[in-house]
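> Can you look at this prediction? I've put the sequence above it.
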Amino acid sequence: MSQSAVASVSHHEVLMEPSPYSMDKKKLGMWVFIVSDACTFAAFLFAYGYMRVGAPVWGTPFGFSSIANGMIMTAVLLSSSLSMLAAVRASQVGEKASSNKWLAVTMLLGTIFAGLHLREWYKLIAEGWRLFYNPTGGAAQFGAAFFTVTGLHLTHVVTGVIALAFVARGYKQGCYDESHVETAGLYWHFVDLVWMFVFPLMYLMNAH
Amino acid sequence: MSSNRELTMSSYVAIGGGLMVIVGIEVILTYQHLPTRTLLFSLLCLACLEAYVAIMYLMHVKYERPVLFWTIFPATLFVLVFLCYIWPDAFRMFNMRLLQ
Amino acid sequence: MAATIAHAAVHHAAPQGFIRKYLFSVDHKVIGIQYLTLSLIAVFVGMALSWVMRIHLAWPDAHIPLLGWLSPNGAPNGLMTPEYYLSLMTMHGTIMAFFVLTAAPMAGFGNFMLPIQVGAADMAFPRLNMSSFWVTLVGFILACATFVIPDGPPLSGWTAYAPLSAVGPVAGPGQGWGQNLWGLSIVCFCIASLLGALNFIVTTLDLRTKGMKLSRLPLSTWGWFIDAWVSLLAFAVLLPTCLLLVLDRLGGTSFFIPSGLVINDQLQPHAGGSPLLFQHLFWFFGHPEVYIIILPAFGIVSHVMPTFIRKPLVGGWKVMTFAEVAVGMLSFVVWGHHMFVSGMSPFMAMVFSVPTLLITIPSVIAVLVWVFSLYHSNIRFDTPLLFSLGFVSLFISGGIGGFFLAQPSTDSYLHATSFVVGHFHFTMGLSAIFATFAGFYYWYPKMFGRVMNEKLGKVHFWLSFVLVYCVFMTMHLTGFAGAVRRYSALVDDFMVQLIPANKFMTVAALLLGATQFIFLFNVIWSRFKGQKASDNPWGATTLEWDTTSPPPFDNFGGRQITVYHGPMEYDGDASVMQTSPAASVAGT
């Protein structure tokens, strides 16, 4: 380490205490973020539950076509988690091209999920559903709860797809490494995890 | 640091398949005309099972150091459990409504 | 001993140019100073609001200069309307609680000191840190913007209870765009705090230098670390609460607005929401929030005291840290004590009351640690220690009032009186501010390379200490007598007799405000004319004192920092720096 280098650029190796989690700081940061995001989703779901418990007539407006659509969406998201896993596994052994291919598959599946979701939304809105209006005559808050919770999840999916695009590009260009792919994978699995609660609570509990 | 390579990809696909089976069970239960409370409880249990599998395997926590599990889970569970303090007021609200 | 060899290649290029160095800087030190500057501006804004409120309480017919200019609707000719009083009260609470008390001790000092105290070159995510500050600043600008819009600031209190806050402009002045901007401001603050908490947690866990085991962390770092966890979980719930409120206002939803609500003879078109849900969700955040405010103060005082009593705290790091963790955890299960008279289930009132009383136990443990540590110590009554002792006194005084408020029976009478206002100003406002002052006087030499004027510091302390008691202890008494809080004028017969007490409080409050200008002068003057500071002017032991004042851009000039000792190795004048390979002092 030359003296002149110290003046304007500090470039050296320092000894540190090992991380108690034995993981890269990005990954730990993503886990901490996941904890907070889980609490945020939980608060939305609790608000939904609170309103539903207190409502005299909630209504169960979803027919089988909505449930079938939801099952397909679940399958798509779950597949995207598996493709994300494949991408992470490939990056772990340095297979960049393979990893990027699986990242692209994940992004595609995520986009399909979002597309199916938006198509369902448009169908509901066309039937008269709003944040404040229930065309079936049940609780007016149904729309509020449904669009809020699923909207938040959809936002996370779309953000995730965009983030994956950046990660894929950076990984390809060499400024990101496998730890970035793994961190993004963690976020993507979390999005799937949330859906595992949203689907039963928002769809199945409202099926007739 | 190896990650997600403790199991083969086919094992992960099998796990994914298992999760879809749980989803299928959830859907079947939905159409069994169960009382709302029973359905809710069953769905939540199944969802928690799915979540556990996803966290342990897909999110790799099973193969991380135990301290990760014991940091993340208790913190999140803590918030979820104590948010449940709001339920008594939700049930009271149902019984105290003026308009029906 | 587990292998301590983890190494990181560190690349740090010193930033060039004014914008990268002082404005859009990723350097945690600059960001910390930016937060402190923001808080300093915010505290004078918040204080000015309180002066105007207090003048109105004492002299309701007074025409207050400048107020009429600020808001011709709210204060025509400077005569404050009751609605405008509520608006001022709302913004006083919001600005003080968020942009001063949550920002300064945690984001301000924490950002500056935590990486240095753990031996790192910067926070774990420097660019995220920078965005946290700028998002906070946007939040502050949005909050201040409520004063300049035509309708004025919201009047629903910093607690923004529904349905008042949720129905929109029909509820009163400021409930249109004022409340919307307020909501957006808080959403910004939530996001910034969440990202900040994330940074603090990862930095403390992953970026400690060689030898800095968790048992050797300074107590201020423990305070910030535990606080970051509480912040993470609490702000994660405030964010949806505010978003749902905004949805009720702008999206037509009815999360918090009940059916059949008639305001100003207009039936509101909402159906079936619950105002109680808002209170539950808000206070789920709101109670941990007050501990988010006080935990860094605990940490700062626990860090400052050993330096000036020249001995470690009783019980070492474990007892204080245990108390802080217990306080942090219990803070999540007590929120219903804000809702005893709200119509909440009476059974839940008991469920909340018991842990509220229990939380006094770790608080008292912490207080006893500070008090007992003074025994047999070699006290140097420098300004940082004076403010630390002042903090302990204020915290005890405020805490005692908490016993009355913790029980639904007594709280039924005291709720919404100025007793509560006195209580939270002591425990939350003044204590945290005194701890922040302690931190300021203590760390100013390190941050700016100059020592603050000690004489002015002592004057600042004694005047502030006496005057805060004058204002806020009197407030407890008027509260006992039944003075209702958030009332802009005391006209009921049982309150008219409290007007002399209110006049006394107002005069004391204005003097207290004037005293803070001594501090402001000291801060600015010392920056340019203060005596130059050495690396370690206080003879302290922690890592920030093992580098220059102010530290270089990468904190330690590229040196390998190795820690051999805990943070409180003092024995009278003797002390051992954490980085010194020498043996420990006796008794530690």
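Ah, there it is.
> use CA for all of it now, contacts and neighbours both
Noted.
> what's around C:Ala574, how many residues?
Neighbourhood size, C:Ala574 [other CA atoms under 10 Å in any protein chain shown]: 12.
> Need the three-state assignment for C:Pro65.
Using DSSP: H, G, I helix; E, B strand; the rest coil, the secondary structure recorded for C:Pro65 is coil.
> Look at the spatially closest residue to it that is not a sequence neighbour and say how many residues are nearby.
Nearest residue to C:Pro65, sequence neighbours excluded (CA to CA, 6 or more residues apart in numbering or on different chains): C:Gly78, at 5.9 Å. Using other CA under 10 Å, C:Gly78 has 20 neighbouring residues.
> Over to A:Val14. Which of the three states is it?
Once three-state DSSP is applied, A:Val14 turns out strand.
> Which of the helices or strands spans whichever residue of chain B sits closest to chain C?
Proximity of chain B to chain C (CA to the nearest CA) peaks at B:Asp89, 5.9 Å away. Per DSSP states H and E, B:Asp89 falls inside helix B:87-95.
> That helix vs chain A: in contact?
Yes - judged by CA under 8 Å from any CA of the partner chain, helix B:87-95 and chain A are in contact via B:Trp87, B:Ala90, B:Phe91, B:Arg92, B:Met93, B:Phe94, B:Asn95.
> of these, closest to chain A?
The closest of the residues of helix B:87-95 next to chain A, once distances to chain A are taken by CA to the nearest CA, is B:Phe94, at 4.2 Å.
> give me every residue that touches the closest one.
A:Val53, A:Gly54, A:Ala55, A:Pro56 (CA atoms under 8 Å, 6 or more residues apart in numbering or on different chains).
> residue contacts, the residue nearest to C:Thr436 when sequence neighbours are not counted?
Of all residues not flanking C:Thr436 in the chain, C:Pro105 sits nearest, at 5.7 Å (CA to CA, 6+ apart). Taking CA under 8 Å, 6+ apart as the contact definition, C:Pro105 lies against C:Ile293, C:Pro296, C:Ala297, C:Ala432, C:Ala435, C:Thr436.
> Next: A:Glu120.
Contacts of A:Glu120 by CA under 8 Å, 6+ apart are A:Ser66.
> how near is it to C:Arg380?
70 Å (CA to CA, to the nearest Å).
> rewinding a little: against chain A, how distant is the residue nearest to C:Pro65?
42 Å (CA to the nearest CA, to the nearest Å).
> Please tell me which one of the contacts of C:Pro105 counts the most neighbours.
Highest neighbour count within those: C:Pro296, with 33 neighbours (other CA under 10 Å).
> Just the element for it, please.
Element membership of C:Pro296 [criterion: DSSP H and E] is helix C:275-309.
> when you scan that helix, is anything in it near chain A?
Yes - counting by CA under 8 Å from any CA, chain A has neighbours in helix C:275-309: C:Leu277, C:Leu281.
> Please name every helix or strand in contact with that helix.
For helix C:275-309, the elements it packs on are helix A:25-54, helix C:219-250, helix C:316-330, helix C:383-405, helix C:431-448, judged by 3 or more CA pairs under 8 Å, 6 or more residues apart in numbering or on different chains; DSSP states H and E.
> can you list those helices in a markdown table and add mean pLDDT and distance to C:Gly530?
A markdown table is the format used below for these (pLDDT from 0 to 100; distance: least, CA to CA, whole Å):
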| stretch | mean pLDDT | distance to C:Gly530 |
| --- | --- | --- |
| helix A:25-54 | 96 | 40 |
| helix C:219-250 | 97 | 26 |
| helix C:316-330 | 97 | 34 |
| helix C:383-405 | 97 | 15 |
| helix C:431-448 | 98 | 9 |
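> now the ones you listed in JSON lines, with distance to C:Met96?
Shown next, in JSON lines, are the helices and strands packed on helix C:275-309 (distance: least, CA to CA, whole Å):
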{"stretch": "helix A:25-54", "distance to C:Met96": "25"}
{"stretch": "helix C:219-250", "distance to C:Met96": "17"}
{"stretch": "helix C:316-330", "distance to C:Met96": "21"}
{"stretch": "helix C:383-405", "distance to C:Met96": "18"}
{"stretch": "helix C:431-448", "distance to C:Met96": "10"}
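> C:Gln266 is nearest to which of those?
C:Gln266 lies closest to helix C:219-250 among the helices and strands packed on helix C:275-309, at 16.1 Å (CA to CA).
> residue boundaries of the strands in the chain?
I went with chain A, as the question did not name one. Along chain A, counting by DSSP state E, strands occupy A:9-16.
> and it, which of its residues are near chain C?
So chain A meets chain C at A:6, A:8-20, A:25, A:28-29, A:32-33, A:35-37, A:39-41, A:43-44, A:47, A:50-51, A:55, A:131-132, A:139-141, A:144 (CA under 8 Å from any CA).
> any idea how far the nearest residue to C:Ser342 once chain neighbours are set aside lies from C:Phe440?
Closest residue to C:Ser342 apart from its sequence neighbours, by CA to CA, 6+ apart: C:Leu276 at 7.5 Å. Using CA to CA, one obtains 40 Å as the distance from C:Leu276 to C:Phe440.
> And C:Val523, by the same measure?
9 Å.
> So for the two, which residue has more residues nearby?
Higher neighbour count among C:Val523 and C:Phe440: C:Phe440, with 22 against 19, using other CA under 10 Å.
> Skipping adjacent residues, who's closest to the more buried one in space?
Closest to C:Phe440 by CA to CA, 6+ apart is C:Pro384, at 7.9 Å.
> A:Glu127 too?
A:Pro135 (7.3 Å).
> Ok, C:Thr159 next?
If the residues on either side of it in the chain are set aside, C:Thr159 comes closest to C:Phe282, at 7.5 Å by CA to CA, 6+ apart.
> now C:Ser259
Distances taken as CA to CA, 6+ apart put C:Ala271 closest to C:Ser259, at 4.2 Å, once the chain neighbours are dropped.
> Could I get the contacting residues of the one you found?
Counting by CA under 8 Å, 6+ apart, C:Ala271 makes contact with A:Ala140, A:Gln141, C:Ser254, C:Ile257, C:Pro258, C:Ser259, C:Gly260.
> 7 Å instead, please
Neighbour list for C:Ala271: A:Ala140, C:Ser254, C:Ile257, C:Pro258, C:Ser259 [criterion: CA atoms under 7 Å, 6 or more residues apart in numbering or on different chains].
> Around residue 31, how many other residues sit close by?
Since no chain was named, I'll use chain A. A:Trp31: 22 neighbours (other CA under 10 Å).
> Chain C was what I was after
Using other CA under 10 Å: C:Ile31 sits among 27 other residues.
> so how far is chain A from it?
20 Å.
> Validate this expectation: that residue resides in a helix.
Yes - under three-state DSSP, C:Ile31 sits within a helix.
> In terms of helices and strands, where is the residue nearest to C:Arg54 when sequence neighbours are not counted?
Closest residue in space to C:Arg54, ignoring its immediate chain neighbours: C:Thr506 at 5.3 Å, by CA to CA, 6+ apart. In the assignment (DSSP H and E), C:Thr506 maps to helix C:499-529.
> angle of that helix against helix C:431-448?
10 degrees (axes from the mean of the first three to the mean of the last three CA atoms, to 10 degrees).
> other SSEs contacting helix C:499-529?
Here helix C:499-529 touches helix C:28-58, helix C:454-480, going by 3 or more CA pairs under 7 Å, 6 or more residues apart in numbering or on different chains; DSSP states H and E.
> What mean pLDDT does that helix get?
Averaged over helix C:499-529, pLDDT sits at 97.
> do the same with stretch A:65-75
For stretch A:65-75, the mean pLDDT works out to 96.
> Only alpha carbons, please: show it as CSV.
Coordinates of the C-alpha atoms in stretch A:65-75 are reproduced here as CSV (Å, rounded to 0.1, in the frame of the first residue of the first chain):
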residue,chain,number,x,y,z
SER,A,65,-63.3,-19.5,-13.0
SER,A,66,-61.7,-17.0,-10.6
ILE,A,67,-60.3,-19.8,-8.5
ALA,A,68,-59.1,-21.7,-11.5
ASN,A,69,-57.4,-18.5,-12.6
GLY,A,70,-55.8,-18.2,-9.2
MET,A,71,-54.6,-21.7,-9.3
ILE,A,72,-52.9,-21.1,-12.7
MET,A,73,-51.3,-17.9,-11.2
THR,A,74,-50.1,-19.9,-8.3
ALA,A,75,-48.6,-22.5,-10.6
